[in-house]
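S.K.: Here is a sequence with its predicted model. Questions after.
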Amino acid sequence: MPMTYLKYNNQKGAVAILLTLLILSAMLIIGLGLAAIFAGEVKTSGYIRQSATAFYAADAGSEYALYKINKVEDLMNETGITLSLSSAGSSFTVKWKYEEAGADKWIESTGKYANTNRKVKIIWE
């Protein structure tokens, strides 16, 4: 009789070990799933930061072009001029068409930062 009692105790321990392994496996799967989600979110937030920096570079380019058009009279009569400037890893390229008599007045600025491009276009009469 003592032998059956020992076998019964061993089987109870095996069920506890299997249940523990099952719970730990489920926790590991949930943890790895959450880690994958958070890694994707961190990557996305990096893209958003790069996009914002490129947009601000494009905005700075359009403001720079407006300044040049208003302050430098020779440039007001020019059409299709391209300006480029780079600073702190970001850069912008500006094209504009400005004709005093016509309604065709526009500035198009493209900002670039870390392989991300954003464009701003200003049209006025």
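M.R.: Yes, it's here. Residues are numbered from 1 along each chain as shown.
S.K.: only C-alpha atoms for contact and neighbour calcs from this point on.
M.R.: OK.
S.K.: Can you tell me the element the residue nearest the centre of the chain falls in?
M.R.: Among the residues of the chain, the one closest to the centroid is residue 47, at 1.5 Å (C-alpha atoms, centre = their mean). Using DSSP states H and E, the element containing residue 47 is helix 2-71.
S.K.: other SSEs contacting that helix?
M.R.: If you count contacts as 3 or more C-alpha pairs under 8 Å, 6 or more residues apart in numbering; DSSP states H and E, helix 2-71 packs onto helix 73-76, strand 90-97, strand 105-113, strand 116-124.
S.K.: and with 10 Å instead?
M.R.: Contacts defined by 3 or more C-alpha pairs under 10 Å, 6 or more residues apart in numbering; DSSP states H and E place helix 2-71 against helix 73-76, strand 79-87, strand 90-97, strand 105-113, strand 116-124.
S.K.: now it: how far from the chain's centre is it?
M.R.: Per C-alpha atoms, centre = their mean, to the nearest Å, the displacement of helix 2-71 from the mean C-alpha position of its chain is 17 Å.
S.K.: so who does the residue nearest to the centre of the chain touch?
M.R.: Applying C-alpha atoms under 10 Å, 6 or more residues apart in numbering, we find residue 47 in contact with 41, 53, 114, 116.
S.K.: Distance of it relative to residue 121?
M.R.: Residue 47 sits 22 Å away from residue 121, going by C-alpha to C-alpha, to the nearest Å.
S.K.: just residue 111 next, same as before
M.R.: 11 Å.
S.K.: more neighbours, the two?
M.R.: It is residue 111, of residue 111 and residue 121, that has more neighbours when counted by other C-alpha atoms under 10 Å, with 29 against 15.
S.K.: thinking again about what came up before, who touches both of residue 111 and residue 121?
M.R.: Listed contacts common to residue 111 and residue 121 are 58, 59, 62, 94; contacts here mean C-alpha under 10 Å, 6+ apart.
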